[in-house]
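Student: Need a 3D model of the sequence below.
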Amino acid sequence: MHDCVITSAEDPSPSDVEAVLAGLRSYNQAHAGPHGLRGVHLFLRDAHGEVCGGLFGKEMWGWLYVEILWVHERVRGCGLGSQLLRQAEAEAKARGCSRVLLDTFEFQAPAFYQRHGYQVFGVLEEFPPGFRRYYLHKDLGA
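Tutor: Alright, predicted model coming up:
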């Protein structure tokens, strides 16, 4: 048996975090090839330059993974979320991505994504309690 112990840290050191990330990246690359990781950061700004929304994600292995899409309540319903999503898709496609992956909670926007051509491929019940979490994907076409 190895002489390893499990420790816990709410605020881990950057070097410890990097050690785990580097190990996983190396393992993944050995099996799936270079991931080509690139960040996607779109910001929605009002007339005063204040951030009132945005989309964050990453591209890897020819996919765009949308991690966050948020639009402030005061400007929702104006099509800005759709614009952010379309721009992220267009940039991803221009960079060679062919598919998009994302997840959303039941109280967030599953219908919004479905209206944009996303298909549900998985649902996690009771996360958070009383709600569902939806996993969706979209083919960006050739």
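Student: who touches the residue nearest to residue 128 when sequence neighbours are not counted in this structure?
Tutor: Among residues not flanking residue 128 along the chain, residue 105 sits closest, at 7.3 Å (Cβ to Cβ, 6 or more residues apart in numbering). Yep, even glycine has a C-beta here, placed from its N, CA and C like the rest. Residue 105 makes contact with 128, 131, 132, 133, 134, according to Cβ atoms under 8 Å, 6 or more residues apart in numbering.
Student: Could you measure from residue 89 over to residue 6?
Tutor: Distance of residue 89 to residue 6, given as Cβ to Cβ, to the nearest Å: 41 Å.
Student: So these two - more neighbours on which side?
Tutor: Between residue 89 and residue 6, counted using other Cβ atoms under 10 Å, the more crowded position is residue 89 (18 against 4).
Student: Near residue 13, how many other residues are there?
Tutor: 9.
Student: Backbone dihedrals for it, please?
Tutor: Backbone torsions of residue 13, given as degrees, to the nearest 10, read phi -70, psi 150.
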